[in-house]
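Q: Fold the following for me, if possible:
(chains A and B)
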Number of protein chains: 2
Amino acid sequence: MSPEEPLAMDTVFHPKSVAIIGASTANQEAGWVARLQNSGYTGHIYPINPKATEVYGLKAYPTVRDIPGPLDYAIFNIPARLAPQIMEDCVAKGVKVAHVYAAGFSETGKEEAREREAHLGSVAKAGGVRIIGPNCMGIYCPASGLTFDEDFPREAGNVAFVSQSGAEATRFVFLADTVGIRFSKVISYGNAIDLDAPDFLEYLADDADTKIISCYTEGVRNGRRYLEAIRKCLKAKPVVILKAGLTESGAGAAASHTASLAGSQATWDAFFKQTGAIKANTMDDVSDVILALLHMSYPKGRRAAVVGRGGGIGVIAADICERAGLKVPVFHPDTRRQLEKVIPEAGAGVRNPVETTYGIGGAAEFYAKGLDIVDSDPETDFIIIQLAVDVYGGRQSDLPQQVTRAADALCETLPTLTKPVAAAIYTGGHTHTVEAVLGARQKLLKAGIPVFSGVEAASKAISRLIGYRELLERL
Amino acid sequence: MSPEEPLAMDTVFHPKSVAIIGASTANQEAGWVARLQNSGYTGHIYPINPKATEVYGLKAYPTVRDIPGPLDYAIFNIPARLAPQIMEDCVAKGVKVAHVYAAGFSETGKEEAREREAHLGSVAKAGGVRIIGPNCMGIYCPASGLTFDEDFPREAGNVAFVSQSGAEATRFVFLADTVGIRFSKVISYGNAIDLDAPDFLEYLADDADTKIISCYTEGVRNGRRYLEAIRKCLKAKPVVILKAGLTESGAGAAASHTASLAGSQATWDAFFKQTGAIKANTMDDVSDVILALLHMSYPKGRRAAVVGRGGGIGVIAADICERAGLKVPVFHPDTRRQLEKVIPEAGAGVRNPVETTYGIGGAAEFYAKGLDIVDSDPETDFIIIQLAVDVYGGRQSDLPQQVTRAADALCETLPTLTKPVAAAIYTGGHTHTVEAVLGARQKLLKAGIPVFSGVEAASKAISRLIGYRELLERL
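A: Residues are numbered from 1 along each chain as shown, chains lettered A, B, ... in the order given. Now for the predicted structure:
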């Protein structure tokens, strides 16, 4: 965004009026007009279609020029070849922001498409219209009702997502929804011929509704500006970045996808070290780190207390924790003595990981009686609850109910604990317990406990959380 | 197993008669007698209980000495302190194999328990009774009906699992069941005061019913013998080993669990390199490698063709593949030209990863029309099908049915392909498609296609498969 032409970025997220250019009369329920209407957008919606009088119950206009009042925002839902001409209409109308949803520009790698994109850009620039895109999903802002998928949650949250990929933007909202993550703003910016990642990042750095920023980035046009924007964000809030295309194979794929120069692994390693941005490798990673940021206080150190089934699965869990950069040390002798009284059958299972005995019922009992002992152990900094449901015998009929009972017991005890707690509740072999496990996760999330798909996801997220804190302290 | 005293190991897996010592009259449905009765064991079952006349419909005897005929196998379902005395009865009766299910021996770390274990071992040794355990689940052998969980599949397969942990043995059978892996023999050997991992491994090396051997190992008593046993196995069939306790935290946990000396990371690295055994870090890894071994021919090289949604998720997939030791190269120009005819909208999505267009319906269509083009590409060695269901728009009502249709299209095309194929079918954000995804996985597994939980699991398993082949060729 050039400084001499400041954009009220609020128009990007809170336009007072939106035109859907290319509002189709076919399959209206699946169109952009229905999408905005049904997502609680309360501004004016103007369907633009020269052949229609009405779309999804709203009066249609031949062009944006025919709209009676002023127009803030236009969504280009038309073939790419028509875009420059439509942009001329938008300039004439005084449109502030154009979201060019249409694909068929430079991402195709074709010369004529590249020229078309350049033409579109120059018309808009000359006429003072700011562009989101082309080739992107645009904006999801629950507070204003702007959205690109009618099924997105209408509830707003405090996480922002800035995505170079439209499909990842859509997928991530749904993925995050399963663990209760809600968004302030999601931006899919595509080819970014005008508004680019740094524009959105600079805005989000100051945005009071945004507490955590996440990014999917393939390539960066102006490295210096991107770096400065991320630095500005990090002064105010954590930033999690999935930098895709860090391997040779990935860089090749990124070149095909968004024509991005992916940049070298070394450059990006330095970037993460210099800025303190949290690095993620998959969108699951991004979701897990956000969960930890949302629900956990910062552990004082890297020493985990693992409370699980013990035995082989406990040994594997300890290995997983250490591979993620954590430690699973032996509890203090006092802790062990106290634990022995609560779980006399555990034998060596009082050392860490804790082996809760007597089946899954024993786990629930331990959550009630033994967690406070673990909480007060001086040798560990945080607690990972590992409830591997399929370790509990066969397909016993009441296992689903037992899972629910265990989750209830956890929810009751957790408010009394002082250390950060994460839960890994999962089932691999027992498909009949899947529903109960999903229910238990929701229950814990509502109680403010981050829940992960397993010890691996939990330990990686916690390690990143600690690493972020450590780096910030050094920077 | 000492060579001067050869055991017909067949008795371990196919005993003609089994006594349950400590067959309880309380909760009989959950007891060992019911377990064997209901799992198709066809030999004689003798409940032993001095206070009962009948258990689960079978005549009970006060001691094994009172059983009329000969007795092959005895399960010690009694408190540890009674074990040595019961073993004297077994010696008197001429029992061949005793499975000491009871815990409360050296694994507790207590001196009296250690002495008890030594006493038990010496009585058995003097009397010629071989011991499985103590502190273990014993044997699951579908062909004979011997089992330690009534809910285990009764169908036999060709995978063996040799586990130092009883809980992992149970959990793994259920985990493997979800992807259709069936077992020839599963052995939980616990403290192994007599029969130890090498005894079972040597037997399995020659076992015609076993094609793949998997192991969960925390520590090894006689390293040389273990190494030789694994070598013997590897001459005949692949071996997958989860060596738990390789990190400091894990080694500490292993010391608590089975009193095992875990051994150094360097020693085990050398072990894997020298033997060609396949290394796994979690039981999910073990399951994934077995799936690849069961259903894939060996790829000629490490070059993956990825057929998925393209876009950001394709870039991430390419990164994941390369991090697992694979490559995702650009297709041959001829391949790209042919693909462009099938998916004209894909633009750059014909390079690799392939971007199947037009939503999930487009994926199904591409499986029918485009997979043979990918199959004949000279630049790639195998195909990964990536069907990330949650990348397809919102919660469209027919998405579950579309998943099923896509799986059907895949099943139809796959028999015509020449390259090894793996499928990654998953959903993260769309809980309403979980059932359809699980159904699609089963369909593909039945068609002989290995199905993984995601590209990460698929690429790691394939990389291990190739690594195993490469190492074998060099050894």
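Q: from here on, contacts and neighbour counts on C-alpha atoms
A: OK.
Q: Contacts only, for A:Lys460.
A: A:321, A:324-325 (CA atoms under 8 Å, 6 or more residues apart in numbering or on different chains).
Q: let's see 7 Å
A: Residues near A:Lys460 by CA atoms under 7 Å, 6 or more residues apart in numbering or on different chains: A:Ala324.
Q: and it, what pLDDT?
A: Per-residue pLDDT puts A:Lys460 at 98.
Q: The helix or strand that it is a member of: which residues count as buried?
A: Secondary structure assignment for A:Lys460, by DSSP states H and E: helix A:455-474. Neighbour-count burial for helix A:455-474, counted by 16 or more other CA atoms under 10 Å in any protein chain shown, picks out A:455-469, A:471-472.
Q: same deal with stretch A:270-281?
A: Neighbour counts using 16+ other CA under 10 Å place A:275-281 of stretch A:270-281 among the buried residues.
Q: what's in contact with stretch A:296-310?
A: Residues from elsewhere that reach stretch A:296-310 (CA under 7 Å, 6+ apart): A:314, A:326-329, A:349, A:352-356, A:380-387, A:420-421, A:466.
Q: Neighbours of the nearest residue to A:Gln274 once chain neighbours are set aside, how many?
A: If the residues on either side of it in the chain are set aside, A:Gln274 comes closest to A:Leu475, at 7.8 Å by CA to CA, 6 or more residues apart in numbering or on different chains. The local packing count at A:Leu475 equals 9, with neighbours defined by other CA atoms under 10 Å in any protein chain shown.
Q: swap in A:Lys110?
A: Counted with other CA under 10 Å, A:Lys110 comes out at 13.
Q: What are the boundaries of the strands in the stretch 101-250 of chain A?
A: A:130-132, A:138-140, A:159-163, A:183-188, A:212-217, A:239-243 (DSSP state E, counting those that start in this stretch).
Q: Now render those strands as CSV, adding mean pLDDT, mean neighbour count and distance to B:Asp10.
A: As requested, the strands of the stretch 101-250 of chain A are exported to CSV (pLDDT from 0 to 100; neighbours: other CA atoms under 10 Å in any protein chain shown; distance: least, CA to CA, whole Å):
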stretch, mean pLDDT, mean neighbour count, distance to B:Asp10
strand A:130-132, 97, 25, 72
strand A:138-140, 98, 25, 66
strand A:159-163, 98, 25, 61
strand A:183-188, 98, 27, 62
strand A:212-217, 97, 24, 58
strand A:239-243, 97, 24, 55
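Q: Kindly reformat the ones you listed as JSON lines containing distance to chain B.
A: Conversion of those to JSON lines gives the following (distance: least, CA to the nearest CA, whole Å):
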{"stretch": "strand A:130-132", "distance to chain B": "18"}
{"stretch": "strand A:138-140", "distance to chain B": "13"}
{"stretch": "strand A:159-163", "distance to chain B": "9"}
{"stretch": "strand A:183-188", "distance to chain B": "11"}
{"stretch": "strand A:212-217", "distance to chain B": "8"}
{"stretch": "strand A:239-243", "distance to chain B": "9"}
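Q: got CSV for those, with distance to B:Ser165 too?
A: Output for these, formatted as CSV (distance: least, CA to CA, whole Å):
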stretch, distance to B:Ser165
strand A:130-132, 57
strand A:138-140, 49
strand A:159-163, 43
strand A:183-188, 44
strand A:212-217, 41
strand A:239-243, 38
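Q: Can you tell me the closest non-neighbouring residue to A:Leu339?
A: That would be A:Val350: by CA to CA, 6+ apart, it lies 6.0 Å from A:Leu339.
Q: And the one you found, what's its pLDDT?
A: 89.
Q: Would you agree it is in contact with A:Lys341?
A: No. The criterion here is CA atoms under 7 Å, and A:Val350 misses it with A:Lys341 at 9.9 Å.
Q: roughly how far apart are the residue nearest to A:Leu339 and A:Arg336?
A: Look at A:Val350 and A:Arg336: by CA to CA, to the nearest Å, they are 5 Å apart.
Q: what do you get for A:Tyr216?
A: A:Tyr216 is 45 Å from A:Arg336, by CA to CA.
Q: how many neighbours does A:Leu371 have?
A: Neighbour tally, A:Leu371, other CA under 10 Å: 20.
Q: quick one: it and A:Pro329, what's the gap?
A: 17 Å.
Q: Also A:Thr147?
A: 48 Å.
Q: more neighbours, those two?
A: Using other CA under 10 Å as the criterion, A:Thr147 and A:Pro329 rank with A:Thr147 on top: 27 against 22.
Q: With adjacent residues omitted, what lies nearest to the more buried one?
A: A:Tyr140 (4.1 Å).
Q: Check A:Ala176 too.
A: A:Ser287 (6.1 Å).
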